[in-house]
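Visitor: Return a 3D structure for these sequence lines:
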Amino acid sequence: MFKTARKALLAFLFAGLAGPLFAADLPEPMVEEAPPQAIYEQPVEVGGWYIRGDIDYHKSKVGDIDYITYGAEPCPCGPPVGVAGSKSFDYGKLKGGFSLGAGVGYKINDRFRTDLTADYWFKSNFNGGTSDATTTSTEVSKMSALLLLANAYVDIGTWHGITPYVGAGIGGARVKWDTVYDPNTTETNPGASNWRFAYAVMAGASYCLTDKVILDAGYRFSHIQGGRMFEFDTSSAGPGFDHGFNTHEVRGGLRYQFGGSNGCAAPVVAYQPEPEPIYTK
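Guide: Okay, the predicted model is just below:
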């Protein structure tokens with residue numbers, strides 16, 4: 001009996017010692033390192049409707065001003081040319097003024113956009129002068145305008161949230177002259193109001209304030225065609241015609257994108273799911 005017990009004890013001890021020895025000789029399964037977590041950016045689709053508001057300071061240079069020295073009605077098609085008795089102002093200057101504008105547009109993609117804008121030019125003071133062989137007159141008035149343009153722009157590219165652009169516009173302007181008068185006499189001429197052809201070119205840059213709001217600042221040159229400036233009055237000469245305006249504008253405003261993306265939103269970063277470890281023998 002004791003021999004049997006002794007044999008069982010020896011067998012148990014042998015099994016306890018041999019197990020780890022045999023296990024140490026068995027190869028351990030190898031774990032392959034998972035590939036790096038893949039990261040990719042999902043591009044944001046650019047485009048959609050926007051609205052805008054602008055304010056500017058502008059300086060206009062008025063062209064030559066012609067007028068008739070007798071009451072006959074000239075050709076209504078424009079300034080008289082070579083008409084007997086026609087004269088010109090010696091000079092005419094407009095002071096600088098401000099305007100407010102608004103518009104609605106559509107951003108086609110990250111490069112092109114278009115909009116329709118309306119800008120109201122507040123009254124600018126006009127000072128001019130006329131003279132003949134015997135007298136010299138001072139002419140005073142004020143000019144305001146409503147400028148309507150259809151515009152197209154090219155956004156050149158975006159760096160650190162700043163996007164330079166160039167553009168051009170075409171449309172019309174309703175120019176309104178107040179009464180033209182000489183403050184030193186009783187001579188007056190009723191001011192004229194009429195629609196005229198206009199165009200503009202512009203350049204500037206925009207900056208992303210948020211993913212919906214863009215700050216816009218730039219320069220615009222606009223030209224308004226000539227037209228009638230004042231009417232005939234029995235106490236004075238007339239009518240008179242200006243030869244148009246060249247205007248330099250410094251502009252600033254905001255654009256709000258209420259449909260689609262204005263290009264300011266950051267790309268959506270997506271991650272592939274982490275793969276399970278792969279075990280090999």
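
Visitor: going forward, measure contacts and count neighbours with C-alpha atoms only.
Guide: Fine.

Visitor: Can you say which helix or strand has the most centrally placed residue in the chain in it?
Guide: By Cα atoms, centre = their mean, the mean C-alpha position of the chain lies nearest to residue 216, the distance being 5.4 Å. According to DSSP states H and E, residue 216 maps onto strand 213-224.

Visitor: export that strand as CSV, just CAs?
Guide: Below are the C-alpha coordinates for strand 213-224, written out as CSV (Å, rounded to 0.1, in the frame of the first residue of the first chain):
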residue,chain,number,x,y,z
VAL,A,213,-20.3,84.8,-42.0
ILE,A,214,-17.6,86.4,-44.2
LEU,A,215,-16.0,89.8,-43.9
ASP,A,216,-15.5,91.5,-47.3
ALA,A,217,-13.3,94.5,-47.9
GLY,A,218,-12.1,95.9,-51.3
TYR,A,219,-11.9,98.6,-53.9
ARG,A,220,-14.4,99.3,-56.8
PHE,A,221,-14.1,101.5,-59.8
SER,A,222,-17.4,102.4,-61.4
HIS,A,223,-18.4,104.5,-64.4
ILE,A,224,-21.8,106.1,-64.9
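
Visitor: which residues make contact with it from outside it?
Guide: Strand 213-224 is contacted from outside by 172-173, 196-209, 244-257, using Cα atoms under 8 Å, 6 or more residues apart in numbering.

Visitor: List the neighbouring strands of the strand or helix carrying residue 48 plus their orientation.
Guide: Secondary structure assignment for residue 48, by DSSP H and E: strand 48-62. In the sheet, strand 48-62 lines up against strand 97-107 (antiparallel), strand 245-257 (antiparallel) (DSSP bridges).

Visitor: Could you provide these in a markdown table, with additional columns for distance to residue 146, mean pLDDT and mean neighbour count?
Guide: Shown next, in a markdown table, are those (distance: least, Cα to Cα, whole Å; pLDDT from 0 to 100; neighbours: other Cα atoms under 10 Å):
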| stretch | distance to residue 146 | mean pLDDT | mean neighbour count |
| --- | --- | --- | --- |
| strand 97-107 | 9 | 96 | 19 |
| strand 245-257 | 13 | 96 | 19 |
